[in-house]
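Enquirer: Here is my input, please return the structure:
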Amino acid sequence: MSIFTLTAAMKYAANDDIETWIHHFLNGEGENVGLSNGLKLKTRYWLGPVEIETSYLSRVVGPESHMEYVEDENWWNHTINQICERLEAGWDMPPLIAENRNGSFSVRDGNHRLGALQKLNKEKCHVIIWDDHSVDHILKAMPR
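Expert: Predicted structure coming up:
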């Protein structure tokens, strides 16, 4: 079984070790070593994986000009289509990783996965959310 799945993330979370899974993922299939290194700079508080409506998540990557990280539209669409195929084939997709930014959940890893979910009109997904203050701070920001 691959470690880079929702099922594996849930097992790590059940053992109160989700941060280990996050760094394994970001340094492996997630290919986001920069985020992993940045997260290690100070104590982070984690919640998840939890299921949340995709409408509560904010992408920071995409072809739109207002994105924090603007990506070529052709590359974006190519990547999204590949992920859609994996999802439709039953992929045990790893949870997205988001930061609680003053009550807004900013996706810091998984923007392409979120884009694919949105394209497929999926209303919910699993996410791991971090905050620099406390888990309670995340819980207060969660939609009711």
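Enquirer: Which residue ranges of this protein form strands?
Expert: Under the criterion DSSP state E, the chain contains strands at 45-53, 57-58, 61-62, 69-70, 96-101, 104-109, 124-131.
Enquirer: buried set for the longest helix along the chain?
Expert: In the chain, assigned by DSSP state H, the helix with the most residues is helix 73-88. Using 16 or more other C-beta atoms under 10 Å as the test for burial, helix 73-88 gives 76, 79, 80, 83, 84, 87. The way it works is simple: take the backbone N, C-alpha and C, and place the C-beta from them, glycine included.
Enquirer: doesn't residue 112 make contact with the fourth one?
Expert: Yes: using C-beta atoms under 8 Å as the test, residue 83 is close enough to residue 112 to be in contact (5.8 Å).
Enquirer: Report the distance from the helix or strand bottoming out on mean pLDDT in the chain to the chain centre.
Expert: None of the helices or strands of the chain scores lower by mean pLDDT, DSSP states H and E than helix 135-141, at a mean of 94. Taking C-alpha atoms, centre = their mean, to the nearest Å, one finds the center of helix 135-141 at 17 Å from the center of the full chain.
Enquirer: Could you check it and say which residues are buried?
Expert: 137, 138, 141.
Enquirer: returning to what we had before: and the strands of the chain as TSV, adding mean pLDDT?
Expert: Below are the strands of the chain laid out as TSV (pLDDT from 0 to 100):
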stretch	mean pLDDT
strand 45-53	97
strand 57-58	96
strand 61-62	96
strand 69-70	96
strand 96-101	97
strand 104-109	96
strand 124-131	98
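Enquirer: Now mean neighbour count and distance to residue 12 too, for those strands, in a markdown table please.
Expert: Conversion of the strands of the chain to a markdown table gives the following (neighbours: other C-beta atoms under 10 Å; distance: least, C-beta to C-beta, whole Å):
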| stretch | mean neighbour count | distance to residue 12 |
| --- | --- | --- |
| strand 45-53 | 18 | 9 |
| strand 57-58 | 18 | 21 |
| strand 61-62 | 20 | 25 |
| strand 69-70 | 11 | 27 |
| strand 96-101 | 22 | 13 |
| strand 104-109 | 20 | 16 |
| strand 124-131 | 21 | 10 |
